[in-house]
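Q: Sequence and predicted model, in that order:
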Amino acid sequence: MIKLFQYLALIALLAACSQKPEPNALVMPVSNTIEVQDTDSNDSILLKAAHVVPTANQYEALQNEFIAFIHFGPNTFTRMEWGNGMEDPKVFDLQNLDTDQWCKAMKDAGMKMVIFTAKHHDGFVLWQSRYTDHGIMSSPFKEGKGDVLKELSESCKKYGLKLGVYLSPADLFQIENKDGLYGNLSEYTERTIPRQVEGRPFENKTTFTFKVDDYNEYFLNQLFELLTEYGPIHEVWFDGAHPKRKGGQTYNYLAWKELIRALAPKTVIFGKEDIRWCGNEAGKTRDTEWNVIPYQEDPDQMNSFADLTDESLGNREDLYKGKFLHYQQAETNTSIREGWFYRDDEDQKVRSTDDVFDIYERSVGGNSTFLLNIPPNRDGKFSPTDVTVLEEVGQRINETYGSNLLSGAQGPKAVLDNDLASFELLGLGAQEVVIETNVPITINRLAIQEAINTHSERVEKHALDAWVDNGWKEIAAATNIGYKRILRFPEVTTQKLRIRILESRFYPAIASISAHYYKARPPQLSIERSVEGAVTISPKKDSFGWKPHGEDVAGNINTGYNIRFSTDGSEPTTASEIYQQPFNIPSGEVKAVAEVNGKLGSVASELFGIVKKDWKAAGEDSFEGEHTAIYAFDGDPETYWSSSNKSRKNYINIDLGKEYAITGFTYTPQTSSSEGMIEKGVVRISADGKSWENVEDFQFGNLINDPTTRTHMFKSKINARYIGIESKVIAGNGKTAAIAELDFLLD
């Protein structure tokens, strides 16, 4: 609820202005930046924050919601993340280029704009620049006549995508080259932009005069080319990363901005006052992402902007410390692949559809823009795996958010008319909106938007109720709303919804409310057991390992799912026990399945043998490096024992701690490579750990192509405390044995 002190502040302000409150709840002019006076109280600072709005360009950029990044260049061919600036342009050995394929895939994903790395930190340019020969003009691509940016610009127009350009201020070629301009200590003098080049006149005859040094002139000339010959350009992306600096080089951003505003009036600028970095490259989002940010200087006059990485940026306590309140939205950026540039299709993992869709809902539905990088491969295309993920994400977005289940419902017209220009103003009365549908609807998503372009972001806390069993039931709650908040909750069927505003900075102006249904997909499960015998069941971990965001993806997108399990060998059903916490099992088979709204996913099963906490290594023929025998039974399939001998007959012996009647064993091969997979071998036992006898041979096939856990059941029970495995044949004619995990089974 709006606090009493806010009413008093409003009354005092109105009295001072000798005017009546306007029905649109604006008590001062709205602005992109509002200065905080020394005489302002905390209450008046909040009131000012409630009148800070995005510019028209910022608001349009927010409505893009889901946009693409493309990292492409010499690094694609050298397999490096950052080049050194001294690469021979001939390494950019591009034979084919299909920017239509890029744009179709991005369009299918639901993206609205693409930002292209026209020049990365290596200084290599991917357009036909007049001002350097370190670029595509010196590469084999189309005999130096190619222009990747030009082809992308044409494809964007064909597919209805906006275009943005990434131009790195850092330039290692200009740093490392003996005649380079970066940090060459040149004087600041008045210079005309663009510098004329004989035989390459500009169609656009606009000129600028700036007092700059050599590198700033070079940078401005290239900006002029990009903005006048490849447009329209809707975003200019300035990276804050600098692999190296030289000569105390500084940037005249105010000159850059003047040129950009004049030549590309629809453009927003990333890394400066328009758009800020979210603070990480993992796709991690803040629970509360405010876009009204406090500054100590006027952002419109600032030349340099630091990265804002704190968890809290625009909460009340943050605002009270500012001298200026400024609207600056966040872009949540990450890559679909492990890295910004393409390396390969074998070892470089790709994010799952679930992961990308979850980031979409958290970022777009968390008051920011989702910027996803898709790096083309060395054949000038997006790889098939990337394209498949983009298509599936686009399908999910369209299936979930393509229609509003509140269409035709009764409630405030302004929030249901699909028009962000109209809004429902929640004043002194009840801070809630009630919507009733003609028939019951089943939903698990609700999207809310404030009228931020006219009334700023004001809601600080809100909740969603559904009318269930003749009463209101709270089904979701969150903090701020801003441009958009997507609430995710377990499936509910209702005919009446209520949105309650619990805290706000001033009268909230709600522009849109829409209800949706996401078709949940029960996640695949993983069953693991510690060496102490504790069994845990959880969604299967994604193999994607680059910059982890730490989110429970399966839990986020499938809110309300349960895990059903059994330990008696039976198939789990909707009536089976619900997994709630780790449990102990001495041995046996555990089966589990995820359940969402009565629907079951695929069954996972694991056969567990003797608990390993008392096991000890009783000898091995050898080990390689740190891969000692204990890693063959530590409960972690990522670690492994590896022999160093080259004899094909390698062995490992284990002391189980006491004698057991063993019925069989399982062998998990190491998967970091295809080396050491035991195809044939023999099981040995000992009464004292010294004298050994062979008891049964075993054989596993197709291990290299299918390196999964294998099971061998004995012809009859084997009573043993000391037991060993000796290799006879290693897959692929190898001579070194390896074991990621051994388990010995009981009845």
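A: The structure has been received and is ready for your questions. Residues are numbered from 1 along each chain as shown.
Q: separation between residue 130 and residue 189?
A: Residue 130 sits 20 Å away from residue 189 when distances are taken as C-beta to C-beta, to the nearest Å. Every C-beta, even on glycine, is put in place using the N, C-alpha and C of the backbone.
Q: repeat for residue 173
A: Distance from residue 173 to residue 189, by C-beta to C-beta: 23 Å.
Q: more neighbours, those two?
A: residue 173 (24 against 11; other C-beta atoms under 10 Å).
Q: where's residue 560, which helix or strand?
A: Under DSSP states H and E, no helix or strand contains residue 560.
Q: Sketch out the low-pLDDT regions of the stretch 201-350 of the chain for me.
A: Nowhere does the stretch 201-350 of the chain drop to pLDDT under 70.
Q: now the helices for it?
A: Shown for the stretch 201-350 of the chain, the helices assigned by DSSP state H, counting those that start in this stretch span residues 214-229, 253-263, 316-319.
Q: Any idea which of those gets closest to residue 707?
A: Nearest to residue 707 among the helices of the stretch 201-350 of the chain is helix 214-229 (48.7 Å), distances taken as C-beta to C-beta.
Q: now for that closest one, which elements pack on it?
A: Packed against helix 214-229 by the contact rule (3 or more C-beta pairs under 8 Å, 6 or more residues apart in numbering; DSSP states H and E) you find strand 162-167, strand 189-193, strand 208-212, strand 233-237, helix 253-263.
Q: Show the subsequent helix or strand relative to the worst-scoring helix or strand of the chain on mean pLDDT.
A: Within the chain, no helix or strand scores below helix 4-17, which has a mean of 41 by mean pLDDT, DSSP states H and E. Using DSSP H and E, the helix or strand that follows helix 4-17 in sequence is strand 33-35.
Q: ok now that following strand, how far from the chain's centre?
A: Using C-alpha atoms, centre = their mean, to the nearest Å, the mean C-alpha position of strand 33-35 is found 32 Å from that of the whole chain.
Q: what's the spacing between residue 172 and residue 84?
A: As judged by C-beta to C-beta, residue 172 and residue 84 stand 6 Å apart.
Q: typed the wrong thing, it's residue 313
A: 35 Å.
Q: Looking at the two, which one has more neighbours?
A: Between residue 313 and residue 84, residue 313 has the larger neighbour count (other C-beta under 10 Å), namely 21 against 17.
Q: Show me where the protein dips below the pLDDT cut-off.
A: In the chain, residues with pLDDT under 70: 1-23, 428-429, 647-648.
Q: Break it down into its structural domains.
A: When the chain is parsed with automatic domain parsing, its domains come out as 65-291+332-400, 413-516, 525-608, 616-745.
Q: Isn't residue 246 up against residue 183?
A: Yes. Assessed by C-beta atoms under 8 Å, residue 246 is found in contact with residue 183 at 3.3 Å.
Q: okay, the helices of the stretch 201-350 of the chain in a markdown table with mean neighbour count and distance to residue 584 next?
A: Shown next, in a markdown table, are these (neighbours: other C-beta atoms under 10 Å; distance: least, C-beta to C-beta, whole Å):
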| stretch | mean neighbour count | distance to residue 584 |
| --- | --- | --- |
| helix 214-229 | 22 | 63 |
| helix 253-263 | 18 | 62 |
| helix 316-319 | 16 | 46 |
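Q: Now those in TSV, please, with extra columns for distance to residue 527.
A: Output for these, formatted as TSV (distance: least, C-beta to C-beta, whole Å):
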stretch	distance to residue 527
helix 214-229	53
helix 253-263	55
helix 316-319	44
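Q: so which of those helices gets nearest residue 577?
A: Comparison of those against residue 577 by C-beta to C-beta identifies helix 316-319 as nearest, at 46.0 Å.
Q: Off-centre distance for the closest one?
A: With C-alpha atoms, centre = their mean, you get 27 Å for helix 316-319.
Q: so how far is residue 355 from the spatially most central residue of the chain?
A: Centroid check for the chain by C-alpha atoms, centre = their mean gives residue 283 as the closest residue, at 2.6 Å. According to C-beta to C-beta, residue 283 stands 8 Å off from residue 355.
Q: any idea how far residue 313 is from the residue nearest to the centre of the chain?
A: With the distance defined as C-beta to C-beta, residue 283 ends up 18 Å from residue 313.
Q: what sits against the residue nearest to the residue nearest to the centre of the chain when sequence neighbours are not counted?
A: In this structure, residue 283 finds its nearest non-sequential neighbour in residue 334, 3.7 Å apart by C-beta to C-beta, 6 or more residues apart in numbering. For residue 334, the contacting residues are 281, 282, 283, 359, 371, 372, 373, 547, 549, by C-beta atoms under 8 Å, 6 or more residues apart in numbering.
Q: List the contacts of the fourth one.
A: This points to residue 359. Applying C-beta under 8 Å, 6+ apart, the residues near residue 359 are 283, 285, 332, 334, 370, 372, 549.
Q: Many thanks, I have nothing further to ask.
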